[in-house]
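Trainee: The sequence and its predicted three-dimensional model are supplied below.
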Amino acid sequence: MTAYLVSRGMALEAVGLLCGVASALRLLGTVAYHMSVSKTSLVTTGLWSIVLEFVCLSICFVSFFVKSYNGSMTLLVAGVCASRIGLWVFDVSVTQMMQELVPEGIRGVMGGTQQSLNACFNFRQMPYV
């Protein structure tokens, strides 16, 4: 994302500031998680967070079809930054569900399998980056 924004002419200072905003929104996701879990169930929290992430990333997709440079960059950056909330809440929800719902005897196997799949898909994306 950083390389794309810089290649489109955005200043490095602005990119750094936006990375900070995205990190702050990730922290806001932690607060949103605790508020949601206290009012709804863990599964409902996971569901709304993944829907929020999808909607925000859909805004990013739409930004590629906007003709105005400023409008396109604004939609892209706003969508990515806002999607961090859904991403973080979903990640915490899934981790909590695994701790609560997976039997203790196979929890290590499940966690290891999840980490292996994460590493595999992360490796698969390398030629495209």
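Mentor: Alright, I've got the coordinates.
Trainee: where are the low-confidence patches of the protein?
Mentor: 129 (pLDDT under 70).
Trainee: residue boundaries of the strands in it?
Mentor: For the chain, strands defined by DSSP state E do not occur.
Trainee: Farthest from the middle of it: give me that residue.
Mentor: residue 105 (30.1 Å; CA atoms, centre = their mean).
Trainee: Distance of that residue relative to residue 121?
Mentor: 27 Å (CB to CB, to the nearest Å). Just so you know, the C-beta spots here come from the backbone N, C-alpha and C atoms, and that holds for glycine as well.
Trainee: got it, and residue 41?
Mentor: 28 Å.
Trainee: Find the centremost residue of the protein, please.
Mentor: Note: the chain centre (CA atoms, centre = their mean) maps to residue 87, 3.1 Å.
Trainee: Name the residues of the longest helix along the chain that come out as buried.
Mentor: For the chain, the longest helix by residue count, based on DSSP state H, is helix 69-101. In terms of neighbour count (16 or more other CB atoms under 10 Å), helix 69-101 has its buried residues at 72-73, 75-93.
Trainee: now do stretch 18-31
Mentor: Under 16+ other CB under 10 Å, the buried positions of stretch 18-31 are 18, 22, 25, 26, 29.
Trainee: Which of these fall in helices?
Mentor: 18, 22, 25, 26, 29.
Trainee: Around residue 14, count how many other residues there are.
Mentor: 13 (other CB atoms under 10 Å).
Trainee: residue contacts, it?
Mentor: Counting by CB atoms under 8 Å, 6 or more residues apart in numbering, residue 14 makes contact with residue 5.
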